[in-house]
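Engineer: this one's sequence-less:
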């Protein structure tokens, strides 16, 4: 648990050191199971009068489980307008623009700003070429201080294709001079900026609300539209670029049904999309361009964009309403792929509830929020890992939502670490004399890092090659400076590596040895005491050769230890009473900034679980986040019990809960694993107590009866004894299948 201590944390600290009391009998349960050497090491510390460094809580969790909080906004609270744009911008501000009031039938062009620090809404005075009223448009953040608004539908039900820019520093609207074949006017499309290009995908247009399959982009350096290609018909969907691929998910397709497939287009392999056909990097040369008659989706270029105020769309008049949709467009260049999710326990049910989808940290997030027909307990937060294209459930609805609220919009920051839901309180809406729920008076802030997400800065970009994009650890191979440093890691000074420090650990094959049979001396003791090592002992591993300068730069604990000139400063040796493979992986992380381990000896999940303990004790938040992220993705039967125990020791409540649920779902297999049997007696009792008080064993004829009510695909293992939680409904749902079924199309 956070705040526990470990014998190898004996050194200088910013807080005053604390001498062990004479009547202290031993470590807490959490630290006593750190390694088999803990008891002996602590007895040695007591004899030598060593100082004990208190462990810092990882991320300041302080033993409490995380749950997002709802806070009330003040100021000029906007109505919950339909199909407005709600965009997170830098400096903790959210901007809302446009939208349709379903109660008054009025369409707006107001700009409102929510300060997330003060939770205050205000109406922003804006100037210049103020755009006309619209809904269903997109507002995309560009260069950190500009909102690029494209398209939408005005009060006359005209579909627009104008581009207007709001400077967030001066709040002046500008109208760029656009050239190239302007695309069809549309609404409820998706827009994403990548490599100075504004990609527009899909949407609705025309008098009969035709669903577009268009893909086009606007070059933001030359302000020139590309030609238009055919991709896939969709509206109300999400689009993003990751790993040199343009992805789309969600929304409604040609049959007006929610789609369960994900599409992606390779941008890297397409010269047209990569922008190298012309010096401007925009459209094909005139010799290669097809006649305009073949492009009913656009008007000829060049064209001069005029003021986009309501009723004066002269520049886009030919693209406002397009009546001829029978002509074909070329397919989008580059490889197009699609994957359909048929079913699975973690695949979100897209056919019920109100879904919000966003890209963050190399995953697609799907958040189901409460509605009139969906309760909080039926909601959840799920993530699609784009490396493996597998869904996992990050949190259940009751862990995120409080009853009595409705959420109308969701936005996420550029770092991919926080999300905000904007909505209203139903209690206030139903109060006598109160307004209806057409408000955005409540703000729900969700810290995505609490659910194991790394953030866009730490999540790895996928390599260009298929099909195996990343290694098992979820990180790209070490490159650059990390590769140079890793080449000298563990090399003896005789090899010319320049190593000037050695670290030892517990031999991996001695992990099960009794602490009474092990003779080790803790590190970090004062200089006046005996050296760190008197003589090697059988439990000590071979030395790991490292460089002091790297450890001081990357390991704050080592820097403090060395600055205090403790015993290790003079002996140039340190012993860490943790398994050798864990210590080696930890030290390699300091060199290469990856938890995947050395290419010759990659880190196992058990090693990463041990590194999580070290990250907690040494207060290294980035390492902690990397470990939590990988462990949450790689829980399986063999390691679930170990992950549960390590998560409990480090107070990672969310990870501990996920591992516990996995253990209960696969209890019959878990109890037969070496990981489960290696837990301490106290931990075994605690894990067993996680079982709900109403839980019971389903076996024999009763299990067969439950199985017969499922999908009928139970195998021999399924018909064995199982531990189940809650009601018979829960039992049947768990028998529906363990893995997602995915169909390639």
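Structural biologist: Structure received. Keep in mind it's a predicted model, so treat the numbers as computed, not measured.
Engineer: low pLDDT regions in the stretch 201-350 of the chain?
Structural biologist: 274-327 (pLDDT under 70).
Engineer: now do the stretch 551-700 of the chain
Structural biologist: Looking along the stretch 551-700 of the chain with the criterion set at pLDDT under 70, you get 692-700.
Engineer: Helices of that one, residue ranges please.
Structural biologist: 556-563, 567-571, 580-592, 605-617, 621-633, 640-649, 653-665, 667-670, 674-677, 681-689, 700-708 (DSSP state H, counting those that start in this stretch).
Engineer: quick one: which of these is nearest residue 417?
Structural biologist: Closest of those to residue 417 is helix 621-633, at 9.7 Å (criterion: Cβ to Cβ). Backbone N, C-alpha and C define where each C-beta goes, glycine included.
Engineer: Contacts for that closest one next, please.
Structural biologist: Identification of contacts with helix 621-633 by Cβ atoms under 8 Å, 6 or more residues apart in numbering yields 58-59, 385, 388, 392, 394, 449, 452-455, 458, 473-474, 589, 595, 605, 608-609, 611-612, 614-616, 643, 646-647, 650, 652, 654-655, 658-659.
Engineer: could you check the angle helix 605-617 makes with it?
Structural biologist: Going by axes from the mean of the first three to the mean of the last three Cα atoms, to 10 degrees, helix 621-633 is angled at 150 degrees with respect to helix 605-617.
Engineer: List the buried residues in stretch 87-100.
Structural biologist: Residues of stretch 87-100 classed as buried: 87-89, 94-100 (neighbour count, 16 or more other Cβ atoms under 10 Å).
Engineer: for stretch 177-191, same thing?
Structural biologist: Neighbour-count burial for stretch 177-191, counted by 16+ other Cβ under 10 Å, picks out 178-191.
Engineer: Let me see the domain layout of the chain.
Structural biologist: Here the domain parsing of the chain from automatic domain parsing is 1-73+469-634, 126-343.
Engineer: gap between the two ends of the last one?
Structural biologist: This points to domain 126-343. Criterion Cα to Cα, to the nearest Å; first-to-last residue distance in domain 126-343 is 48 Å.
Engineer: quick one: which of the helices of the stretch 551-700 of the chain is nearest residue 74?
Structural biologist: helix 653-665 (31.2 Å).
Engineer: The closest one versus helix 621-633: what angle between them?
Structural biologist: Using the same axes, to 10 degrees, the inter-axis angle of helix 653-665 relative to helix 621-633 is 20 degrees.
Engineer: counting contacts, what elements does helix 653-665 pack onto?
Structural biologist: Secondary-structure packing of helix 653-665 (3 or more Cβ pairs under 8 Å, 6 or more residues apart in numbering; DSSP states H and E): helix 621-633, helix 640-649.
Engineer: how about the longest one: buried residues?
Structural biologist: Right, the one you point to is helix 621-633. 623-633.
Engineer: export the buried residues of stretch 177-191 to TSV and tack on distance to residue 364?
Structural biologist: Output for the buried residues of stretch 177-191, formatted as TSV (distance: Cβ to Cβ, whole Å):
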residue	distance to residue 364
178	32
179	34
180	31
181	31
182	31
183	26
184	27
185	28
186	23
187	23
188	19
189	18
190	13
191	17
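Engineer: Grab the two from those that are most spread out in space.
Structural biologist: With distances taken as Cβ to Cβ, the most widely separated pair in the buried residues of stretch 177-191 is 179 and 188, at 26.2 Å.
Engineer: Now residue 684: closest residue in space, sequence neighbours ignored.
Structural biologist: Leaving aside its chain neighbours, residue 684 sits nearest to residue 676 (7.6 Å; criterion: Cβ to Cβ, 6 or more residues apart in numbering).
Engineer: circling back: in a markdown table: the helices of the stretch 551-700 of the chain, plus distance to residue 367.
Structural biologist: Below are the helices of the stretch 551-700 of the chain laid out as a markdown table (distance: least, Cβ to Cβ, whole Å):
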| stretch | distance to residue 367 |
| --- | --- |
| helix 556-563 | 36 |
| helix 567-571 | 48 |
| helix 580-592 | 32 |
| helix 605-617 | 26 |
| helix 621-633 | 17 |
| helix 640-649 | 23 |
| helix 653-665 | 16 |
| helix 667-670 | 30 |
| helix 674-677 | 32 |
| helix 681-689 | 30 |
| helix 700-708 | 31 |
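Engineer: To residue 374, which of those lies closest?
Structural biologist: Across the helices of the stretch 551-700 of the chain, residue 374 has its closest neighbour in helix 653-665 (21.4 Å, Cβ to Cβ).
Engineer: Contact partners for the nearest residue to residue 541 once chain neighbours are set aside?
Structural biologist: Spatial nearest neighbour of residue 541, excluding adjacent residues (Cβ to Cβ, 6+ apart): residue 580 at 4.0 Å. Going by Cβ under 8 Å, 6+ apart, residue 580 touches 505-508, 541-542.
Engineer: again with residue 585
Structural biologist: 595, 597, 603, 607-608, 610-611.
Engineer: what two of those are the furthest from one another?
Structural biologist: The widest separation within these (Cβ to Cβ) is 12.0 Å, between 597 and 610.
Engineer: if we can go back for a sec, so which of the contacts of residue 580 wins on neighbours?
Structural biologist: Per-residue neighbour counts (other Cβ atoms under 10 Å) across the contacts of residue 580 peak at residue 505, which has 28 neighbours.
Engineer: Wasn't it part of a strand?
Structural biologist: Yes. Assessed with DSSP: H, G, I helix; E, B strand; the rest coil, residue 505 lies in a strand.
Engineer: circling back to that earlier point, would you check that the residue nearest to residue 684 makes contact with residue 639?
Structural biologist: No. Applying Cβ atoms under 8 Å as the test, residue 676 and residue 639 come out as separate, 10.0 Å apart.
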